[in-house]
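Colleague: Have a look at this prediction, sequence included:
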Amino acid sequence: MRYVNGMRGSVMAVVVASAALVVAGCQPGGGGSDTGDGGVTPSGAVSSAASSATPGAPKPGSSASGSSTPSASRPASSSPAASAPPTSAPAPGGSAATCSAGSLKATARQAAVRPSGTGTGAAVVEFTNVSGRTCVLKGHPTVAGAGNGSPEMNVPLTVKPTGAAARVTVAPGGKAWVKLTFVQVQGEADGYCVSGSAPVVYPTMVVGLSGSGAHQVALDDGQFAECDDTVTVTAVSAVRPS
């Protein structure tokens, strides 16, 4: 009986010991974790990807101070292109050439305001720009009595200029004027000159302008009758004289 009891005690001891081992193996938080394939990885050897990052390390795209660093520099803004200056217009008459002789048509008429007497007294000569371009007239005219259709026979008159000369711009179709005031013939019939000289009659006069040629003109209502071959002239004007 003692032998049987001893055997029973030994068996019970083995069973209790085995049960203790099984219970110990099933306890959570033991010395390792289950790898899923029956192996055991020691505690502390397993780490997650998140826990492997160094605390406080700057994230990509950020500076160490925490401020955001732009991924690329912005290009400098371009300033607007400067406008081309506008092209500037020339001053009136500044680029116009002197009127040529062929660009002018000259006519003459007796002036309304003239010295008293029986001769011509005064005449207004009108220059018309018949070209297609603007041109310039300037200065005081020269005057000569036309001599029988031959320039060599012309008789230059003594010219007394009056008034300041200025450039006059004449557009196509535009006009400019000069006034000629003669020494007046007195009396009836052939008349007489106060100076004692004989009056002179010219069917036409030749009126010239500097750089613009000489132009032969006839009065629209008679001939040029004058004394002393002397004439007072105005400068070219854009205003028609009376």
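Modeller: On my side now, so go ahead. Numbering: from 1, shown residues only.
Colleague: Mind giving me the packing neighbours of the strand ranked longest in the chain?
Modeller: Across the chain, the longest stretch assigned as strand under DSSP state E is strand 224-234. Where contact means 3 or more Cβ pairs under 8 Å, 6 or more residues apart in numbering; DSSP states H and E, strand 224-234 is packed against strand 142-145, strand 158-162, strand 175-183, strand 200-202. For glycine as for every other residue, the C-beta is placed from the backbone atoms N, C-alpha and C.
Colleague: Could you rerun that using 10 Å?
Modeller: strand 122-129, strand 142-145, strand 158-162, strand 175-183, strand 200-202, strand 204-209 (3 or more Cβ pairs under 10 Å, 6 or more residues apart in numbering; DSSP states H and E).
Colleague: what about Ser195, neighbour count?
Modeller: 10 (other Cβ atoms under 10 Å).
Colleague: I'd like the distance from the closest residue to it other than its chain neighbours to Val183, if you could.
Modeller: Spatial nearest neighbour of Ser195, excluding adjacent residues (Cβ to Cβ, 6 or more residues apart in numbering): Asp228 at 5.5 Å. Per Cβ to Cβ, to the nearest Å, Asp228 is found 5 Å from Val183.
Colleague: Which neighbours do these two have in common?
Modeller: Listed as contacting both Asp228 and Val183 by Cβ atoms under 10 Å, 6 or more residues apart in numbering are 157-158, 193-195, 197, 199.
Colleague: Looking at those residues, which two lie furthest apart in space?
Modeller: Leu157 and Val194 (17.0 Å; Cβ to Cβ).
Colleague: the more surrounded of Asp228 and Val183?
Modeller: Neighbour count, other Cβ under 10 Å: between Asp228 and Val183, Val183 has more, with 23 against 16.
Colleague: wait, isn't the more buried one in contact with Cys227?
Modeller: Yes: between Val183 and Cys227 there is a contact under Cβ atoms under 10 Å: 4.1 Å.
Colleague: For these two, list the residues in contact with both.
Modeller: Residues touching both Val183 and Cys227 (Cβ under 10 Å, 6+ apart): 117, 119, 193-195, 197, 199.
Colleague: okay, among these, which ones form the most distant pair?
Modeller: Farthest apart among the shared contacts of Val183 and Cys227 by Cβ to Cβ are Gly117 and Ser197. That separation is 14.3 Å.
Colleague: Neighbour count: those two, which is higher?
Modeller: Gly117 (20 against 12).
Colleague: In space, what's closest to that one - neighbours in sequence excluded?
Modeller: Leaving out its chain neighbours, the residue that sits closest to Gly117 by Cβ to Cβ, 6+ apart is Gln184, at 3.3 Å.
Colleague: Okay, that neighbour and Met205: tell me how far apart.
Modeller: Remark: distance between Gln184 and Met205 (Cβ to Cβ) = 16 Å.
Colleague: So these two - more neighbours on which side?
Modeller: Applying other Cβ under 10 Å to Gln184 and Met205 shows that Met205 carries more neighbours, namely 29 against 21.
Colleague: who's in contact with that one?
Modeller: 106, 108, 120, 123, 125, 141, 143-146, 154-155, 157, 180, 182, 215-219, 223-224, 226, 231.
Colleague: Run through the bridge partners of it.
Modeller: When bridges are called by DSSP bridges, Met205 pairs up with Gly145, Val217.
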